[in-house]
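Colleague: Dropping the sequence and predicted coords here.
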Amino acid sequence: GNSVTQMEGPVTLSEEAFLTINCTYTATGYPSLFWYVQYPGEGLQLLLKATKADDKGSNKGFEATYRKETTSFHLEKGSVQVSDSAVYFCALSEYGNKLVFGAGTILRVKS
Amino acid sequence: NAGVMQNPRHLVRRRGQEARLRCSPMKGHSHVYWYRQLPEEGLKFMVYLQKENIIDESGMPKERFSAEFPKEGPSILRIQQVVRGDSAAYFCASSPGTGGNGYTFGSGTRLTVV
């Protein structure tokens, strides 16, 4: 079945550091890929998405590129801020139906 | 334009009681999805509904759990005879069509079973 694997956290960075959160997936077809962010006590917010190979999703300084050859969708940001502290979830959706999530990666940014 | 509304935000139930979680989708959205998030884990799909129909319930536990999305009113996730292991955050999402691209999540209901 479909699955998503994320790097374990927590990831602790200083402000303005470079961020990478790794995500790889297993799917039978050609899924759409997503990154969601969850702030404490809140629901999930869509951060960015990509629907086909080589697409790059971007939002608020975050980027991720759909790599079919490596089945990856790593999240990157050039300079993190304290306000980026949250839990980040990688997810896939096949046939436009339910989302399959990774376990989430906690990001802590220190000032 | 209100987003996906879930209530209550927090729910405490004693073992053996029933829990009812409500989800009102965004205006114009006719597809509803329920997910469960156990502590320190990601979200796990439970059920996908359209108005008056259950489309996919492959993630629902076989017993005690049920879901509905009536023609009028919110979607309801019902857990009968709750046990401590049911303690989790339950999230609802809605979309205007088949999901993925158009998902909007609610803020969740945090169920605590004591």
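Modeller: On my side now, so go ahead.

Colleague: Now do the end-to-end distance for stretch A:74-92.
Modeller: Looking at stretch A:74-92, the gap from its leading to its trailing residue is 13 Å under the measure Cα to Cα, to the nearest Å.

Colleague: Report the distance from that stretch to the chain centre.
Modeller: 7 Å (Cα atoms, centre = their mean, to the nearest Å).

Colleague: Mind listing what's buried along that stretch?
Modeller: A:74-75, A:77, A:80, A:84-92 (16 or more other Cβ atoms under 10 Å in any protein chain shown). Just so you know, the C-beta spots here come from the backbone N, C-alpha and C atoms, and that holds for glycine as well.

Colleague: ok, the helix or strand bottoming out on mean pLDDT in chain B: who's next to it in the sheet?
Modeller: Between all helices and strands in chain B, the lowest mean by mean pLDDT, DSSP states H and E belongs to strand B:104-105, at a mean of 90. Strand pairing for strand B:104-105, determined by DSSP bridges: strand B:88-95 (antiparallel).

Colleague: Can you list the neighbours in contact with the partner strand?
Modeller: The contact list for strand B:88-95 (Cβ atoms under 8 Å, 6 or more residues apart in numbering or on different chains) reads A:43-44, A:99, B:4, B:6, B:21, B:23, B:25-26, B:29, B:31-39, B:43, B:75, B:77, B:99, B:101-106, B:108-111.

Colleague: picking up where we left off before, just after the least confident helix or strand of chain B, pick out the following helix or strand.
Modeller: In the C-terminal direction, the helix or strand that comes right after strand B:104-105 (DSSP states H and E) is strand B:109-113.

Colleague: and that next one, does that touch chain A?
Modeller: No - residues of strand B:109-113 contacting chain A under Cβ under 8 Å from any Cβ of the partner chain: none, with a closest distance of 8.6 Å.

Colleague: any weak-confidence spans in the chain?
Modeller: If you meant another chain, say so; for now it's chain A. Under the criterion of pLDDT under 70, the regions of chain A flagged as low confidence span A:96.

Colleague: try again with chain B
Modeller: Low-confidence segments of chain B, defined by pLDDT under 70, are located at B:1-2, B:98-102.

Colleague: Count the residues that sit near the closest residue to B:Leu111 other than its chain neighbours.
Modeller: What sits nearest to B:Leu111 in space, not counting adjacent residues and going by Cβ to Cβ, 6 or more residues apart in numbering or on different chains, is B:Leu11, at 5.0 Å. Using other Cβ atoms under 10 Å in any protein chain shown as the criterion, B:Leu11 is surrounded by 17 other residues.

Colleague: Cool, thanks, talk later.
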